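Novice: Let me see the structure of the following:
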Amino acid sequence: MIDSPRWLWIAGLLLLGWLLYLLHPILSPFLIGVLLAYLGDPLVDRLERWKLSRTWGVIVVFALFSLILALLLLVLVPLLGKQLMRLYELAPQMIDWAQHQALPWVQAQLGLDDGFWRFDQLKTAFSEHLGKTGDIVGKVLAKVTSSGLALLAWLANLLLIPVVSFYLMRDWDLMVAKLRGLLPRNREGFVVKLAGECHEVLGAFLRGQLLVMLALGIMYAVGLMLIGLELGLLIGLLAGLASIVPYLGVVVGIGAALTAGLFQFGGDFYPLLAIAAVFVAGQMLEGMLLTPWLVGDRIGLHPVAVIFAIMAGGQLFGFSGVLLALPVAAVIMVLVRHAHDFYKLSALYGESSSASDEPPSPA
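Specialist: Numbering: from 1, shown residues only. Next up, the predicted model:
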């Protein structure tokens, strides 16, 4: 048994997992580079079909990614920064509103005691920390600049991402072909089939679901800003990000938007109805157009599995684990499907099925 190739594979997988655990502090730029290369490879392949060389195709895709990043930095980040500061400033007022208007109404409806809600201490603590924002920023900057080596390492990792993704994207097809050439000849077809199923699940989720998240985030943000909600951009993008798990985005978004709307518009019914209409329209658009068109029915990743994978990856390996979570979950899902099929064809399943058909013996 010790000389069996199966045990060698198991030992190799355990060794790989141990190495990933040891190296996870430096894996982030490489994993982000792999992710960008994986997302950009179909675009480069399409440009190659249009008679463009592989290198020039990668340059075009890189230019597109850089343009999107520049737009985010120049337009979106300053707007989000202003809304985050506005939220920070409004937080004590929102606590005041909740304490003197919303919670007394809930207290009257539920018949709770007068001293049930205790928000005075929270409001006082928050107001004290609000005045120390400049001190906090100064301490953070002093901490970062005092450690020049850590700052250089962070900048090096940031600059490493485009370099890694460029070379991986350029040589993606060549690396896949070399890996396929290393597969055992008698198992090549089965392994290629498994890899194809994993690619279909992961590609549908990453490319499809990310586009759905982007479309919903834009729609929610634009709709809430047109209504006049002060924090519309922040809440809309937050709802779009939460849409990585189906139905979570609309729950998070409509809860936060209605809370902000109640605080801003008071008891005015029509703005609150318009907020609800934005999220209803977003759900209808997602269900009837975006998900069938961009994602389809190929994912097979249950929403609970997505949440667990992301949280488990973050707990075990930090940010690197979050990046690894969905690819590992996609591979596990494909393996579980095949294990289920093997079990249904096994003698164990047949014996338990036969035994269940026998009438129970009399007592």
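Novice: count of neighbours near Val34?
Specialist: Counted with other CB atoms under 10 Å, the neighbours of Val34 add up to 19. Placement of C-beta: from N, CA and C, glycine included.
Novice: likewise Gly232?
Specialist: The number of residues packed around Gly232, counting by other CB under 10 Å, is 23.
Novice: ok, now Leu84?
Specialist: Around Leu84 sit 12 other residues, with neighbours defined as other CB under 10 Å.
Novice: which one is it nearest to, not counting chain neighbours?
Specialist: In space, Leu84 comes closest to Leu234 once its chain neighbours are excluded; the distance is 6.7 Å by CB to CB, 6 or more residues apart in numbering.
Novice: Just the mean pLDDT for the helix or strand where that neighbour lies, thanks.
Specialist: Leu234 belongs to helix 232-242 when assigned by DSSP states H and E. For helix 232-242, mean pLDDT rounds to 88.
Novice: which strands and helices sit next to the helix or strand following it?
Specialist: The element immediately downstream of helix 232-242 (helix or strand, assigned by DSSP H and E) is helix 248-265. For helix 248-265, the helices and strands in contact under the criterion 3 or more CB pairs under 8 Å, 6 or more residues apart in numbering; DSSP states H and E are helix 77-97, helix 210-227, helix 232-242, helix 269-285.
Novice: Tell me who's in contact with Asp45.
Specialist: Applying CB atoms under 8 Å, 6 or more residues apart in numbering, one finds that Asp45 lies in contact with Gly57, Asp173.
Novice: Help me confirm that Asp169 comes into contact with Ile59.
Specialist: One thing to correct before we go on: residue 169 is Met, not Asp. No - shown here, Met169 and Ile59 do not form a contact pair, counting by CB atoms under 8 Å, at 10.0 Å.
Novice: ok, the two, which is more surrounded?
Specialist: Met169 (27 against 17).
Novice: Helix, strand, or coil at that one?
Specialist: When the structure is reduced to helix, strand and coil (DSSP: H, G, I helix; E, B strand; the rest coil), Met169 reads as helix.
Novice: now do Leu31
Specialist: Once three-state DSSP is applied, Leu31 turns out helix.
Novice: Could you tell me the per-residue confidence at it?
Specialist: At Leu31, the pLDDT value in this model is 83.
Novice: Please apply the same query to Val58.
Specialist: What the model reports for Val58 is a pLDDT of 90.
Novice: burial count for it?
Specialist: By the other CB under 10 Å criterion, the neighbourhood of Val58 contains 26 residues.
Novice: which ones are touching it?
Specialist: Val58 makes contact with Gly40, Val44, Phe166, Met169, Arg170 under the criterion CB under 8 Å, 6+ apart.
Novice: Please tell me which one of those counts the most neighbours.
Specialist: The most neighbours, when the contacts of Val58 are compared by other CB under 10 Å, belong to Met169, which has 27 neighbours.
Novice: list the contacts for it?
Specialist: Met169 sits next to Leu36, Ala37, Gly40, Asp41, Val44, Val58, Val61, Phe62 when contact means CB under 8 Å, 6+ apart.
Novice: And those, which is closest to Gly181?
Specialist: Taking CB to CB as the measure, Gly181 sits nearest to Asp41 out of those, at 18.7 Å.
Novice: circling back to that earlier point, reformat the contacts of Met169 as a markdown table; add secondary structure and distance to Gly12.
Specialist: A markdown table is the format used below for those (DSSP: H, G, I helix; E, B strand; the rest coil; distance: CB to CB, whole Å):
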| residue | secondary structure | distance to Gly12 |
| --- | --- | --- |
| Leu36 | helix | 27 |
| Ala37 | helix | 24 |
| Gly40 | helix | 30 |
| Asp41 | helix | 26 |
| Val44 | helix | 31 |
| Val58 | helix | 32 |
| Val61 | helix | 34 |
| Phe62 | helix | 34 |
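Novice: out of these, what pair is the most spread apart?
Specialist: Put simply, by CB to CB the two of the contacts of Met169 set farthest apart are Asp41 and Phe62, 12.5 Å from each other.
Novice: Return the set of buried residues in stretch 50-60.
Specialist: Under the neighbour-count criterion of 16 or more other CB atoms under 10 Å, stretch 50-60 has Arg54, Gly57, Val58, Ile59 buried.
Novice: What about the residues you listed, which are in helices?
Specialist: In this view, the buried residues of stretch 50-60 that belong to helices under DSSP state H are Arg54, Gly57, Val58, Ile59.
Novice: tell me the pLDDT at the closest residue to Leu231 other than its chain neighbours?
Specialist: Leaving aside its chain neighbours, Leu231 sits nearest to Ala260 (5.1 Å; criterion: CB to CB, 6+ apart). Per-residue confidence at Ala260 stands at 84 (pLDDT).
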